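Colleague: Generate coordinates for the sequence data below:
(chains A and B)
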Amino acid sequence: MTQQPLIQVKNLDLYFGAFHALKNVSVDFNAGELIGLVGDNGAGKTTLIRVLCGIHAPTKGEVFFDGRKVEKFHPKLAIDQGIETIQQSVGLCDNLSIARNFYLGREPVKRILGIPFLDFAKMREKSSRVIRQFGLRENVSADDEVERLSGGERQSVKIGRAVEFKNRVVIMDEPTNHLSVREREHVNELAVQLKEQGLLVIYITHDIFQVHKLADRVVIMENGEKVADASTDSMSAEALEDVIRQGGRVVEKQEAV
Amino acid sequence: MKYLVRSQGFGATVGVIAMLAVFTVIDFSGWWTVQTLSNVTQFTAILALVALGQALVIMTKEIDLSVGSIYGLTGVAFITLEPSLGVPGSLIVALFIAAIAGFVQGTAVVKGELPSMIVTLGGLFAARGIIYVWTGGSVHNFSPDARTHALTRLLGGELFGIAAAIYWVGIISLLLSIMLWGTRFGNRLLATGGSRESAESRGVRTDRVKTAAFVLCSLLAGFAGILTLCNQPQTHVTLGENMELEAISAAVIGGCLLTGGRGSILGVILGALIVVSFRYELIALGAPSSWYITFVGAVLIVAVIFNQKLARFLGHSV
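Modeller: Residues are numbered from 1 along each chain as shown, chains lettered A, B, ... in the order given. Alright, predicted model coming up:
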């Protein structure tokens, strides 16, 4: 690909005290690509993502966003740059309506006598229109609390939000955990839809077979290192599974020889 | 009707209707008099202001035990500073003291990541201690000039036979409702109480939201103290003692869930009406005044059970 990568991670190292959580990781992420980020618990995939969404600052190495070097790491800055993270358990307030959740932190306002009031008409109309595209039932209104929604519908709200705010990167952290089979398929379709709209989608999962069907490229992490980075056309799911099963040991052996 | 049941104030509405029915049956001639009603509504207005501030804090999933002491401290500051600053000056300085107290406590809670129950328990003792030191235990009064000052009359007088505090609680509760349900700040306050982590993931500065809630709470408690003293300009060291418990009771009876993120402005006012009416009516019926605390306790427990059952019935996760 000749285009410049949207996110470029170069020789990233991250220590938590003495613990070496990320070891010299370099990855390119391109716009319009769906990338599966796979690895066991503690492999460093979530840590890598937390650097991208501004929660952790790297100890060493560089991150470029859209060609510019990222100097400061803060969640608010990442959100402002259009990096949206969708997590299973976080992101929606059960006590608020769909419309209020949809716009939380970026509420549109209408000035009456100079005082900014929430623009409820816009909040309702736009949020329900956007979320319906992503599979919200017809009988659910934007005024209903998100508490009423099923797991898949909750994901629809978060994904709809990611699209509405012209995000450029959507990071989906184990988006299908605790979902029924049908809901899982639905969320996976949404991930592909996002990609087709030109966004970069980073899909984190344990399940190589599931992501292999969706992704253009799979990156495998193990013990804080990147151990594989291959397009799904060039490597079968079975081959990638072998890499995971043998973990970093394959690489270590090769190095030892 | 559906809206009414779904709103958090439903329990308090039922409670008020039941209470009025009982009082009508057992003490019709004593309860439905102008004197009783004007006393009850005035005390209700004062307690409601304190409880409304408390409700904002509870909605962010914190609690403020210091409101009784802040109520007293602000009132004492208002009266004792008046000779040197005049009525408007001492009003501003007293409210400023209240705001500072709220800010310090709120900051300690969010920056120190401390439980608000402990921080504001410290605030309760600290502010009460300052009242004792400041007044030296003696009673302070307004001068005759200060009593007739236009501002004193505006805050403590009456209009068409209705105490000023009642107008004030009307205005303030309207403003708070608009703020809570119709502005960005309100949306973020409710979100902070509902799920702090989720709110932060959307870029909401929940530390600022919580601090602002504590400042508003202290300001409202202080303002209630000032309204009381404009009506009866005389300070005691015990001014506002145990008021935090009444305020929390009123907020909880009014449907504010301690799990955060849910509450009702109207419910809180009705909750305050229930607490004050019980106190007034038990004394009027000749029960020893100390029984009233027991009754409020019982009502509080019944209210919590009712509100929680109602919330579960409506499918909320509490």
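
Colleague: which SS state does the residue in the stretch 101-250 of chain A positioned nearest to chain B fall under?
Modeller: Residue nearest to chain B within the stretch 101-250 of chain A (Cβ to the nearest Cβ): residue A:105, separated by 3.6 Å. To be clear about C-beta, it is placed using only N, CA and C from the backbone, and glycine gets the same treatment. Taking DSSP: H, G, I helix; E, B strand; the rest coil as the rule, one finds residue A:105 in the coil state.

Colleague: okay, now it: neighbour count?
Modeller: By other Cβ atoms under 10 Å in any protein chain shown, the residues close to residue A:105 number 20.

Colleague: Ok, residue A:238 next?
Modeller: Number of residues near residue A:238 (other Cβ under 10 Å) recorded here: 10.

Colleague: Wait, a helix at it?
Modeller: Yes: judged by three-state DSSP, residue A:238 forms part of a helix.

Colleague: Chain B contacts on chain A?
Modeller: With Cβ under 8 Å from any Cβ of the partner chain as the criterion, chain A comes near chain B at residues A:75-76, A:79-80, A:85, A:87, A:90-96, A:100-101, A:103-107, A:109, A:116-118, A:145, A:147-148.

Colleague: Swap in 7 Å and give it another go.
Modeller: Contact residues (Cβ under 7 Å from any Cβ of the partner chain) of chain A with chain B: A:76, A:79, A:90-96, A:100, A:104-105, A:107, A:109, A:116-118, A:147-148.

Colleague: Leaving out chain neighbours, which residue sits closest to the residue of the stretch 101-250 of chain A closest to chain B?
Modeller: residue B:202 (3.6 Å; Cβ to Cβ, 6 or more residues apart in numbering or on different chains).

Colleague: Show me the shaky parts of chain B.
Modeller: B:1-6, B:317-318 (pLDDT under 70).

Colleague: Within range of chain A, give me the residues from it.
Modeller: Chain B has residues B:182-184, B:187, B:190-191, B:194-195, B:197-199, B:201-204, B:261-262, B:315-317 near chain A, with proximity defined as Cβ under 7 Å from any Cβ.

Colleague: Would you mind checking these for buried ones?
Modeller: Buried members of the residues of chain B next to chain A, counted by 16 or more other Cβ atoms under 10 Å in any protein chain shown: B:182-184, B:187, B:190-191, B:194-195, B:198-199, B:201-204, B:261-262, B:316.

Colleague: List the residues that contact residue A:98.
Modeller: A:127, A:131, A:142, A:144, A:146, A:157 (Cβ atoms under 7 Å, 6 or more residues apart in numbering or on different chains).

Colleague: now those residues as TSV including neighbour count, secondary structure and pLDDT?
Modeller: Formatted as TSV, the contacts of residue A:98 follow (neighbours: other Cβ atoms under 10 Å in any protein chain shown; DSSP: H, G, I helix; E, B strand; the rest coil; pLDDT from 0 to 100):
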residue	neighbour count	secondary structure	pLDDT
A:127	23	helix	83
A:131	25	helix	78
A:142	23	coil	82
A:144	15	coil	81
A:146	23	helix	83
A:157	24	helix	83
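
Colleague: for those residues, which one is nearest residue A:229?
Modeller: Nearest to residue A:229 among the contacts of residue A:98: residue A:157, at 32.3 Å, using Cβ to Cβ.

Colleague: Hmm, residue A:146 and the closest one touching each other?
Modeller: Yes: counting by Cβ atoms under 7 Å, residue A:146 is a contact partner of residue A:157 at 6.4 Å.

Colleague: Overlap in contacts, these two.
Modeller: Common contacts of residue A:157 and residue A:146 (Cβ under 7 Å, 6+ apart): A:92, A:98, A:101.

Colleague: doesn't the first one fall inside a helix?
Modeller: No: when classified by three-state DSSP, residue A:92 is found to be coil rather than part of a helix.

Colleague: Got the phi and psi for it?
Modeller: For residue A:92, the backbone dihedrals (degrees, to the nearest 10) come out as phi -120, psi 140.

Colleague: State the number of residues packed around it.
Modeller: A count of neighbours around residue A:92, defined by other Cβ under 10 Å, yields 26.

Colleague: per-residue pLDDT, it?
Modeller: Residue A:92 is assigned 86 on the pLDDT scale.

Colleague: That one and residue A:77, how far apart?
Modeller: For residue A:92, the distance to residue A:77 (Cβ to Cβ, to the nearest Å) stands at 22 Å.

Colleague: do the same with the second one
Modeller: Between residue A:98 and residue A:77 the distance is 27 Å, computed by Cβ to Cβ.

Colleague: Check the secondary structure at the residue nearest the centre of chain A for me.
Modeller: Nearest residue to the geometric centre of chain A (Cα atoms, centre = their mean): residue A:171, 0.7 Å. Recorded secondary structure, residue A:171: strand (three-state DSSP).

Colleague: so it sits right up against residue A:203, yeah?
Modeller: No: assessed by Cβ under 7 Å, residue A:171 is found out of contact with residue A:203, at 8.3 Å.

Colleague: what separates residue B:43 from chain A, distance-wise?
Modeller: Taking Cβ to the nearest Cβ, to the nearest Å as the measure, residue B:43 falls 32 Å from chain A.

Colleague: which SS state does the closest residue to that residue other than its chain neighbours fall under?
Modeller: Spatial nearest neighbour of residue B:43, chain neighbours left out: residue B:276 (4.5 Å); criterion: Cβ to Cβ, 6+ apart. Look at residue B:276: counting by three-state DSSP, its state is helix.

Colleague: distance of residue B:276 from residue A:175?
Modeller: Residue B:276 sits 52 Å away from residue A:175 when distances are taken as Cβ to Cβ.

Colleague: Which strands and helices lie in contact with the lengthiest helix in chain A?
Modeller: Scanning chain A for the longest helix, with DSSP state H as the assignment, gives helix A:181-196. Counting contacts by 3 or more Cβ pairs under 7 Å, 6 or more residues apart in numbering or on different chains; DSSP states H and E, helix A:181-196 is packed against strand A:34-38, helix A:151-164, strand A:200-205, helix A:208-214.

Colleague: go with 6 Å
Modeller: Applying 3 or more Cβ pairs under 6 Å, 6 or more residues apart in numbering or on different chains; DSSP states H and E, we find helix A:181-196 packed against helix A:151-164, strand A:200-205.

Colleague: Pull out the buried positions in it.
Modeller: Under 16+ other Cβ under 10 Å, the buried positions of helix A:181-196 are A:183-184, A:186-188, A:190-191, A:194-195.

Colleague: what does stretch A:139-155 give?
Modeller: A:140, A:142, A:145-147, A:149, A:151-155.

Colleague: Now render those as JSON lines, adding distance to residue B:241.
Modeller: Listed next are the buried residues of stretch A:139-155 as JSON lines, based on distance: Cβ to Cβ, whole Å:
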{"residue": "A:140", "distance to residue B:241": "49"}
{"residue": "A:142", "distance to residue B:241": "47"}
{"residue": "A:145", "distance to residue B:241": "39"}
{"residue": "A:146", "distance to residue B:241": "42"}
{"residue": "A:147", "distance to residue B:241": "40"}
{"residue": "A:149", "distance to residue B:241": "47"}
{"residue": "A:151", "distance to residue B:241": "50"}
{"residue": "A:152", "distance to residue B:241": "54"}
{"residue": "A:153", "distance to residue B:241": "50"}
{"residue": "A:154", "distance to residue B:241": "47"}
{"residue": "A:155", "distance to residue B:241": "51"}
